[in-house]
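Novice: using only what follows, build the 3D model:
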Amino acid sequence: MFADVVFVNGQVITVDSNNRIVEAVAVKRNRIEAVGTNEEIEGWIGESTKVMDLQGRTLLPGFIDSHLHLLSYGLTRLAINCQEASIQSNADIIGKLKRKAESTPKGGWILAVSYNEMFMLEDQYLTRHQLDEVSTEHLILIVRQCGHIMIANSKVLELAGVNDQSANPEGGVFGRDESGRLNGLLVEAAMDPVKRVMNPTEEDLTKAAEIASRDFVSLGITTIHDAGGYEPVNLRILQQVVHSGHLKVRVYAMVVHEPNFNRMRETCLSTGFGNDRFRIGPAKIFIDGASIAPTLATRQPYETNPEDSGILYYTQENMNDALIAAHRDGYQITAHAQGDRAIEMLLNTFEEALRLYPRRNHRHRIEHAGLAMPDLIERMAKLDIVTVPNPNFFAEFGDIYIKHFGARSDYFYPIASCLKAGIVVAGASDSPVSKCNPLLGIHGAVNRLTTSGAVIGEEQRISVMEAIKLYTWNGAYASFEEDRKGSIEVGKLADLVVLNDRILDVAIDSIDQLQIEITMIDGEIVYDLEKSPDTNETLEETINFIM
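Specialist: I've put the predicted structure just below:
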């Protein structure tokens with residue numbers, strides 16, 4: 001029996017238990033059939049076998065991004081991007097919004113994303129009043145880069161039922177001006193009324209998923225752990241797009257927010273249900289805010305404000321009620337926890353859940369696990385917790401950490417300490433909060449450099465091989481799938497990535513310059529750099545919700 005595709009003459013990084021590096025791989029249908037030297041694979045080559053000469057380049061297991069937001073990414077892909085080179089100020093954004101309003105029907109949405117007031121010349125937030133000057137007949141919304149803060153014009157606030165008399169919700173803040181009137185700023189849970197009225201259509205969401213999938217495979221991503229977005233209907237939409245063949249990446253879908261996974265539990269479906277294309281993942285809640293706003297919940301106040309220790313969404317009692325029931329019913333459980341206070345609370349919940357309902361191999365997770373101090377790492381290790389940090393954040397947001405947390409910033413995403421403690425660490429981008437290129441994450445884990453060139457936690461740097469494992473085998477382990485993906489071994493799914501150079505041999509400070517040449521999923525080449533269309537073509541597509 002001959003292979004369908006054979007890769008030869010490569011730096012094949014298997015990420016197996018021995019971290020073997022070999023030359024060649026044979027693929028038959030959707031499985032890896034043989035791994036070894038060129039000579040060992042030669043017997044798999046028949047007349048119809050496609051032979052791909054790597055010419056020394058790196059072949060890796062397909063990348064796994066263990067935490068991103070697929071539909072949110074797709075929807076924001078075509079919005080006004082506040083990080084475009086042409087945007088340097090709030091005034092530039094206002095100009096873009098005005099031009100968009102001219103071509104948008106009255107009553108339509110105008111969305112801007114990736115906004116960060118710290119990068120604007122004015123170094124201050126836009127306000128509702130400035131957005132109203134653009135238009136009070138359009139629904140104008142700006143989403144901050146962290147995804148935990150929005151700015152809305154008056155029409156959006158009116159649609160959401162928010163006014164000057166609205167009280168701050170638990171875990172959120174409505175921004176106000178000096179007179180006490182709403183200024184349009186919506187922090188954390190204060191965004192929820194707006195989220196409820198945005199309501200993109202199923203057609204919009206389907207297009208968003210397809211756009212996201214094309215981008216992901218061009219970056220070598222073959223599996224995503226989708227961290228949720230809008231409503232439970234998203235799970236059905238994702239399944240439909242997967243089965244239609246338009247969503248190429250494999251999906252491990254988190255069930256987000258307590259009411260949603262309570263409804264899911266009533267159907268007796270829980271973590272692991274599905275197949276190799278689409279599988280239900282953990283039950284997830286949000287405990288605290290963002291690391292880059294910052295609104296994360298910390299045990300000690302921020303260096304920049306002795307009165308500020310962040311925002312919590314849950315009390316300990318409410319969090320226990322939300323997650324322990326899901327644990328009891330067989331779910332893998334997880335939570336967004338960035339600050340050390342939030343991480344500590346989540347660990348308390350894990351301990352109580354396992355005391356009441358012991359379970360081996362639970363693989364409960366912490367999404368982000370940002371400010372993870374040594375005492376918390378020790379507890380994580382004892383509980384066999386999987387952490388899902390964002391090493392790509394160092395380049396984009398590291399200087400923000402230093403500003404607000406001083407010496408504590410060295411403990412942001414302490415990957416080396418976690419690995420030393422025996423914790424499985426799965427790499428993630430949290431896109432669209434940050435760029436979803438796994439090579440940027442590998443670069444960040446190895447170098448830990450900020451935009452200004454500062455090093456955050458030098459002792460937390462890890463090797464290139466360790467960093468590769470974060471985005472391959474460890475990601476598979478985080479979804480109970482290391483028996484079928486995450487490494488290049490016989491019998492595993494043929495999810496593979498070819499780079500344009502040898503990742504183990506290039507200078508570590510240039511890893512972020514590497515490119516994806518080929519992405520294979522299920523034995524099918526879904527991306528080929530030489531044959532790919534101009535990426536700008538995707539910008540011509542429209543999503544009604546945004547455009």
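Novice: quick check: mean pLDDT of the longest strand anywhere in the chain?
Specialist: Selection of the longest strand in the chain by residue count, based on DSSP state E, yields strand 278-286. Here strand 278-286 scores 94 as its mean pLDDT.
Novice: now swap in stretch 120-138 and tell me
Specialist: On average, the pLDDT along stretch 120-138 is 95.
Novice: same deal with stretch 36-47?
Specialist: 97.
Novice: and that stretch, C-alpha only, in PDB?
Specialist: This file holds the C-alpha atoms of stretch 36-47, laid out as PDB (Å, rounded to 0.1, in the frame of the first residue of the first chain):
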ATOM      1  CA  GLY A  36      11.500   8.200   9.800                       C
ATOM      2  CA  THR A  37      14.400   8.600   7.400                       C
ATOM      3  CA  ASN A  38      14.100   9.200   3.700                       C
ATOM      4  CA  GLU A  39      15.200   5.600   3.200                       C
ATOM      5  CA  GLU A  40      12.500   4.300   5.500                       C
ATOM      6  CA  ILE A  41       9.800   6.300   3.800                       C
ATOM      7  CA  GLU A  42      10.900   5.400   0.300                       C
ATOM      8  CA  GLY A  43       8.900   2.200   0.200                       C
ATOM      9  CA  TRP A  44       5.700   4.300   0.600                       C
ATOM     10  CA  ILE A  45       6.200   6.100  -2.700                       C
ATOM     11  CA  GLY A  46       4.100   4.700  -5.600                       C
ATOM     12  CA  GLU A  47       3.300   6.000  -9.000                       C
END
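Novice: hmm, residue 224 and residue 479 touching each other?
Specialist: No - assessed by CB atoms under 8 Å, residue 479 is found out of contact with residue 224, at 10.1 Å. All C-beta spots, glycine's among them, are computed from the backbone N, C-alpha and C.
Novice: buried residues, the helix or strand where residue 349 lies. List them.
Specialist: Residue 349 is part of helix 340-356 when elements are defined by DSSP states H and E. Within helix 340-356, the residues that qualify as buried are 340-347, 349-350, 352-354, counting by 16 or more other CB atoms under 10 Å.
Novice: rewinding a little: looking at residue 479 and residue 224, which one has more neighbours?
Specialist: Per other CB atoms under 10 Å, whichever of residue 479 and residue 224 has more neighbours is residue 224, with 29 against 26.
Novice: look up phi and psi at the more buried one.
Specialist: Dihedral pair for residue 224: phi -120, psi 150, per degrees, to the nearest 10.
Novice: what does residue 18 give?
Specialist: With angles defined as degrees, to the nearest 10, residue 18 sits at phi -110, psi 10.
Novice: how about the one 4 residues further on?
Specialist: Per-residue torsions, residue 22: phi -120, psi -170 (degrees, to the nearest 10).
Novice: cool, and residue 509?
Specialist: phi -80, psi 0.
Novice: give the contact list for it.
Specialist: By CB atoms under 8 Å, 6 or more residues apart in numbering, the contact set of residue 509 is 447, 449.
Novice: then residue 449?
Specialist: Residues in contact with residue 449 (CB under 8 Å, 6+ apart) are 394-395, 398, 455-456, 509.
Novice: now do the next helix or strand after the longest strand of the chain against helix 340-356, angle only.
Specialist: Later in the chain than strand 278-286, the nearest helix or strand by DSSP H and E is helix 316-328. Interaxial angle of helix 316-328 relative to helix 340-356 (axes from the mean of the first three to the mean of the last three CA atoms, to 10 degrees): 50 degrees.
Novice: output the contacting helices and strands for the helix or strand just after helix 316-328.
Specialist: Using DSSP H and E, the helix or strand that follows helix 316-328 in sequence is strand 333-337. Applying 3 or more CB pairs under 8 Å, 6 or more residues apart in numbering; DSSP states H and E, one finds that strand 333-337 contacts strand 278-286, helix 316-328, helix 340-356, strand 365-368.
Novice: can you list the ones you listed in TSV and add distance to residue 503?
Specialist: Below are these laid out as TSV (distance: least, CB to CB, whole Å):
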stretch	distance to residue 503
strand 278-286	28
helix 316-328	38
helix 340-356	31
strand 365-368	26
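Novice: for those, which one sits closest to residue 211?
Specialist: Minimum separation from residue 211 across the helices and strands packed on strand 333-337 (CB to CB) falls at strand 278-286, 18.2 Å.
Novice: CA atoms only: put that closest one into CSV for me.
Specialist: Extracted in CSV, the C-alpha atoms of strand 278-286 (Å, rounded to 0.1, in the frame of the first residue of the first chain):
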residue,chain,number,x,y,z
PHE,A,278,-16.2,19.5,16.1
ARG,A,279,-16.3,18.6,19.8
ILE,A,280,-17.8,20.2,22.9
GLY,A,281,-15.2,21.6,25.2
PRO,A,282,-15.3,22.9,28.8
ALA,A,283,-17.9,24.9,30.7
LYS,A,284,-16.4,28.5,31.0
ILE,A,285,-17.2,31.6,33.0
PHE,A,286,-15.4,35.0,33.3
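Novice: so what does that strand touch, helix or strand wise?
Specialist: Strand 278-286 is packed against helix 233-244, strand 250-256, helix 258-266, helix 316-328, strand 333-337, with contacts defined by 3+ CB pairs under 8 Å, 6+ apart.
Novice: show me what the longest one is packed against.
Specialist: Counting contacts by 3+ CB pairs under 8 Å, 6+ apart, the secondary-structure elements packed against helix 316-328 are helix 258-266, strand 278-286, strand 333-337, helix 340-356.
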